[in-house]
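> Provided below for reference: sequence and predicted model.
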Amino acid sequence: MPSFVSRGLEIVRDPADPERWDDWRWQARSALRTTAELASALRLSPDERAGAERAEAEGFPIAITPHTLSLIDRDDPSCPIRRQFVPSAKEAEEVPGDLRDPLGEEDHEVAPNLVCRYPDRALLLATDRCAVYCRFCTRSRMVGDGGGPRSLAKLEEAFRWLEDNRQVREVIVSGGDPLVMGTARLRRLLERLGQMPWLDTVRIATRAPVTIPQRIDAELCRALRESHPAVWVMTHFNHPKELSEASQRACAMLVDHGLPVMNQTVLLRGVNDRTQTLEELFRGLVRWRVRPYYLLQADVVRGTGHLRTPIATGLHIMERLQGRLSGIALPKLICDTPRGRGKVPIGPKTIVASVDGRHTLRTFRGEEVEYLDPPSPGPEDPPPA
């Protein structure tokens with residue numbers, strides 16, 4: 001059993017090994033993974049117990065690090081952190097539109113562990129492991145299936161495909177969570193991508209700053225900074241309760257090492273589907289120099305209907321946030337369309353009418369303002385690009 005004790009919202013460190021709390025490998029090893037371990041730390045509801053037993057039996061794993069557990073209310077099944085990571089019996093229910101592979105990644109796989117859904121970027125699946133498993137995971141079909149981190153040899157076909165298709169200018173390294181890999185292994189992977197000078201950027205998709213912030217240390221930051229000239233970190237905070245001191249230190253370390261950090265939030269029912277909740281989250285991230293990038297409509301993953309919101313919810317929230325938040329704190333509302341057809345930005349209707357170059361625009365205050373197009377271009381003006 002993990003060597004810590006849960007007391008309400010507090011996690012008491014094992015007095016025999018207090019230094020282990022800051023050891024990310026101890027955090028990973030000590031994650032709760034079984035129904036019995038969950039029940040020892042949380043007062044499980046019947047729904048949660050049934051969900052945990054089903055998860056143990058049917059394959060999509062459970063993992064909750066001590067750090068993440070410290071953010072959870074042990075007595076409240078509606079705790080927004082708990083709803084993200086503790087299984088529910090509702091995961092057995094399918095609703096219309098549910099898909100096993102909602103983004104069509106298997107159909108868009110161009111080489112083993114490499115997915116290409118856009119002309120200029122590709123997704124490299126470097127591992128199937130995460131420190132903590134989100135119950136709304138897009139890749140619940142594959143994460144934690146036992147393969148673990150992919151060796152460079154196993155990724156060689158993917159690398160060769162990238163070398164033969166130089167229109168790809170960006171690689172997103174994901175999984176699983178690539179930052180749960182060892183630093184030396186991750187450095188080798190990034191250096192291999194660095195041998196392709198036509199790649200403008202490499203993005204690292206990770207929840208480690210949220211779920212296991214102890215992983216972000218100076219050695220890792222140096223490896224990210226030195227292995228490729230343009231590494232961006234894409235992280236995933238969903239709720240203000242996740243803005244812990246440890247996560248703040250992790251984000252500051254990344255930024256202070258020259259690594260841009262962007263955040264993608266998934267809109268989840270009963271977790272963050274309130275304007276005030278997201279306003280607090282986005283303001284907190286900007287204070288940390290983390291840019292809110294996307295607010296994502298939850299993917300139509302099989303068994304996640306109880307966590308998804310109607311599109312109208314996101315539109316309402318964005319309409320209320322517009323004008324209340326600085327532009328640097330306001331993400332795009334995005335729906336990643338089913339079966340891999342690509343991301344679509346959605347938003348409140350701000351163009352009320354357009355007739356003969358006269359446009360009526362609605363401001364965040366609800367005012368309607370007229371905007372006039374300039375006169376038609378003259379013969380000396382260059383044609384539109």
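That came in fine, so what should we check first? Residues are numbered from 1 along each chain as shown.
> Going by C-alpha atoms from here, please, whenever you check contacts or count neighbours.
OK.
> Please name the bridge partners of E368.
E368 has these beta-bridge partners by DSSP bridges: R362.
> quick one: pLDDT of it?
Here, the pLDDT recorded for E368 equals 89.
> how close does it sit to T360?
Distance, E368 to T360, using Cα to Cα, to the nearest Å: 6 Å.
> Among those two, which residue is more densely surrounded?
Taking neighbours as other Cα atoms under 10 Å, E368 and T360 compare with T360 leading, 18 against 15.
> does I64 have beta-bridge partners, and which?
L32.
> residues contacting it?
Contact analysis of I64 by Cα atoms under 8 Å, 6 or more residues apart in numbering lists 31-33, 85, 131-133.
> so D177 makes contact with R207?
Yes - counting by Cα atoms under 8 Å, D177 does reach R207; the two are 7.0 Å apart.
> Closest one of the contacts of I64 to L220?
A131 (16.1 Å; Cα to Cα).
> Next, count neighbours for that closest one.
Applying other Cα under 10 Å, I find that A131 has 27 neighbouring residues.
> list the contacts for S227?
187-188, 190-191, 194.
> Name the nearest of those relative to D76.
R187 (40.9 Å).
> Name the SS class of the closest one, please.
The three-state label given to R187 by DSSP: H, G, I helix; E, B strand; the rest coil is helix.
> Report how many residues lie close to it.
By other Cα under 10 Å, neighbour count at R187 equals 20.
> which residues does it contact?
The contact partners of R187, by Cα under 8 Å, 6+ apart, come to 223-224, 227.
> Break this protein into its domains for me.
4-92, 109-345, 350-385 (automatic domain parsing).
> any idea how far C221 is from V233?
Between C221 and V233 the computed distance is 11 Å (Cα to Cα).
> out of those two, which sits in the busier spot?
Set C221 next to V233 and count neighbours by other Cα under 10 Å: V233 wins out with 23 against 20.
> contacting residues for the more buried one?
Counted by Cα under 8 Å, 6+ apart, V233 has contacts 203-206, 259-262.
> Identify each buried residue in the strand or helix carrying it, please.
Using DSSP states H and E, the element containing V233 is strand 231-235. By neighbour count with 16 or more other Cα atoms under 10 Å, strand 231-235 contains the buried residues 231-235.
> Stretch 310-326 now?
Quick answer for stretch 310-326 (16+ other Cα under 10 Å): 311, 313-315, 317-322.
> Would you mind measuring from the residue nearest the centre of the chain to F282?
The residue lying closest to the centre of the chain (Cα atoms, centre = their mean) is H236, at 3.7 Å. The gap separating H236 from F282 is 12 Å, by Cα to Cα.
> and if you look at D75?
From D75 to F282 the distance is 27 Å (Cα to Cα).
> Could you check which of these two is surrounded by more residues?
F282 (27 against 14).
> so what's the more buried one up against?
Counted by Cα under 8 Å, 6+ apart, F282 has contacts 292, 329-330.
> among those, which are in strands?
Counting by DSSP state E, the part of the contacts of F282 found in strands is P292.
> got a winner among the contacts of F282 for most neighbours?
Neighbour-wise, those (other Cα under 10 Å) top out at P292, 27 neighbours.
> right, and that one touches P260 too?
No - counting by Cα under 8 Å, P292 stays clear of P260, with 11.7 Å between them.
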